[in-house]
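Novice: Fold the following.
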Amino acid sequence: MTGSEERLVKFLSAAGVASRRAAGDLVKAGRIAVNGRTIREPGFRILPADTVTLDGRPVEPAGRFHYIMLNKPRGYVCTNADPHAPRKAVDLIRLDPPVRLFSAGRLDKESEGMILFSNDGDYVARLTHPRYEIRKTYLVRVTREFTEPELTRIRTGITDGGEHLRVISIAPAGNCLYRIVLNEGKKREIRRLTAAVGAPTLELRRIRIGGLALGDLPQGAFRELTPEEVALTLEAHS
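Specialist: Below is the predicted model of the structure:
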C-alpha cells in the first residue's frame, strides 16, 4: 500500500455518490468499475490516476464540500431515491452550479424544521450513525398534556415493533407542547412514543442538531453553514 492509495468506498463517499455504507452496497452490487473492471470488494484501494465509474458514468473526485441547513416545511419528503415523489426537500436547495446533496438523517413528510444536507459523505455518516450520539432537539405538540406516569414511561422507553424507543429528555414547553431530545432517530420514533401513551403527535419540528440551532431561518429557506457551525453540528452532548 502506498500513501496515495484510497479505499474505494471512501472515494465514493467523498465524491458525494453516497454514504460509505451505501457506497459499499453499490460496490457489492457490481455497479462500480475501476479502469473498466467491475469491483465488488468495498475495501478495494484505488490510485489518483484510476478512473471510477458508477453504472458506466465517470465519478469525479470531490471538489468543494457544501454543508446546507434547510428549514423543511410540511409535505416534503427527505429522499433522493424516489423520482416520483412530488415534493422533495432537496429540491428546495438550489446551488449554482448544481451539486448532488444527501440528507443527514430524515424528517418524515408531516414533520418540519431543521435538516442538514451535504455532499461530504463522511460528515453525513457522522451525523447519522448512532455511535456518535449527535443529539437532535424537537418541539412536539400532542393532543393533550402527558401525565407524570406517562412522562416516566417515555423516558424509560417502550418496545414497539421489536425496537426499544426512548428519549434522552422530555420537558414541558407550553400548552401540550414538549421539548424532546434524541440521540438516535429510529423511524417515526417520537410519533410512535407519543401514540403508545395515548397522546398522538399533532406537530413536530426539529429545532437543533448537536450544538447548532435552527434560529430564525424562514420555512422553506436554506443557507450554507460556516466552518464553525459545521463543528457545532457534530457536538455529541449539547
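Novice: So which elements touch the strand ranked longest in the chain?
Specialist: Assignment by DSSP state E gives strand 201-209 as the longest strand of the chain. Counting contacts by 3 or more C-beta pairs under 8 Å, 6 or more residues apart in numbering; DSSP states H and E, strand 201-209 packs against strand 112-118, strand 136-142, helix 189-196. From N, CA and C alone the C-beta is placed, and that goes for glycine too.
Novice: partner strands of the second one, parallel or antiparallel?
Specialist: It stands for strand 136-142. In the sheet, strand 136-142 lines up against strand 177-182 (antiparallel), strand 201-209 (antiparallel) (DSSP bridges).
Novice: List the residues that contact Asp50.
Specialist: 34-35 (C-beta atoms under 8 Å, 6 or more residues apart in numbering).
Novice: And it, which helix or strand is it part of?
Specialist: Assigned by DSSP states H and E, Asp50 belongs to no helix or strand.
Novice: What about Asn183, how many residues nearby?
Specialist: Using other C-beta atoms under 10 Å, Asn183 has 14 other residues around it.
Novice: actually Leu225, sorry about that
Specialist: Using other C-beta under 10 Å, Leu225 has 17 neighbouring residues.
Novice: so what's the residue nearest to it when sequence neighbours are not counted up against?
Specialist: Excluding the flanking residues, the one nearest Leu225 by C-beta to C-beta, 6 or more residues apart in numbering is Tyr67, at 4.2 Å. By C-beta under 8 Å, 6+ apart, the contact list for Tyr67 reads 116-118, 120, 123, 224-225, 229-230, 233.
Novice: Minimum distance to Pro218: which of the strands paired with strand 136-142 has it?
Specialist: strand 201-209 (13.4 Å; C-beta to C-beta).
Novice: now whichever helix or strand comes after the closest one: how far from the chain's centre is it?
Specialist: Where DSSP H and E defines the elements, the next helix or strand beyond strand 201-209 is strand 212-213. Distance, stretch centre to chain centre, for strand 212-213: 15 Å (C-alpha atoms, centre = their mean, to the nearest Å).
Novice: Other residues contacting strand 212-213?
Specialist: Contacts of strand 212-213 (C-beta under 8 Å, 6+ apart): 69, 114, 207, 225, 229, 232-233.
Novice: Present the residues you listed as TSV; the columns should include distance to Ala49 and pLDDT.
Specialist: Conversion of the contacts of strand 212-213 to TSV gives the following (distance: C-beta to C-beta, whole Å; pLDDT from 0 to 100):
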residue	distance to Ala49	pLDDT
Met69	37	97
Met114	41	97
Ile207	46	98
Leu225	33	95
Glu229	36	95
Leu232	38	94
Thr233	35	94
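Novice: looking at the helices and strands packed on strand 201-209, which is buried most?
Specialist: strand 112-118 (a mean of 23; mean count of other C-beta atoms under 10 Å).
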